[in-house]
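[1] Sequence and predicted structure, then a few things I'm wondering about:
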Amino acid sequence: MASGAALSASALSKNLSGERLPHRSTIEAIIQLCGVSEEVRALSLRLHTAALGEVHPAFAERLVMADAYEEIVLLYNRLQARLEDVLGEQRRRQA
């Protein structure tokens, strides 16, 4: 997993043990390697944001807003995909 996340085994161990707060890119790489659902991905990133907000309280509100924006984008993409599916079904029925 360390090589897939572009980290040394030691750095990955420190990140996963809680010894150090990982960068968001590290979290994203681990999420991608594990192949989790969008819901688990969103929850993992919210937890990372909460931890980052505790370490850097001055940025906490901005970080929460950034996560909220990302969640809105994910919802929009999901709705857009569903709309395209429904429209495709409708077109097939009309043909």
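    Yep, it's here.
[2] so where do the strands sit in the protein?
    In the chain, no strands are defined using DSSP state E.
[3] And the helices in it?
    9-17, 24-34, 38-55, 60-94 (DSSP state H).
[4] Now do the buried residues in the first one.
    For helix 9-17, the buried set under the neighbour-count rule, 16 or more other C-beta atoms under 10 Å, comprises 11-12, 15. (Each C-beta comes from the backbone N, C-alpha and C, glycine too.)
[5] Tell me how far it lies from the chain's centre.
    Distance, stretch centre to chain centre, for helix 9-17: 19 Å (C-alpha atoms, centre = their mean, to the nearest Å).
[6] now the angle from it to helix 24-34?
    Interaxial angle, helix 9-17 versus helix 24-34 (axes from the mean of the first three to the mean of the last three C-alpha atoms, to 10 degrees): 90 degrees.
[7] now do the last one
    Compare the direction of helix 60-94 with that of helix 24-34 by the same axes, to 10 degrees and you get 40 degrees.
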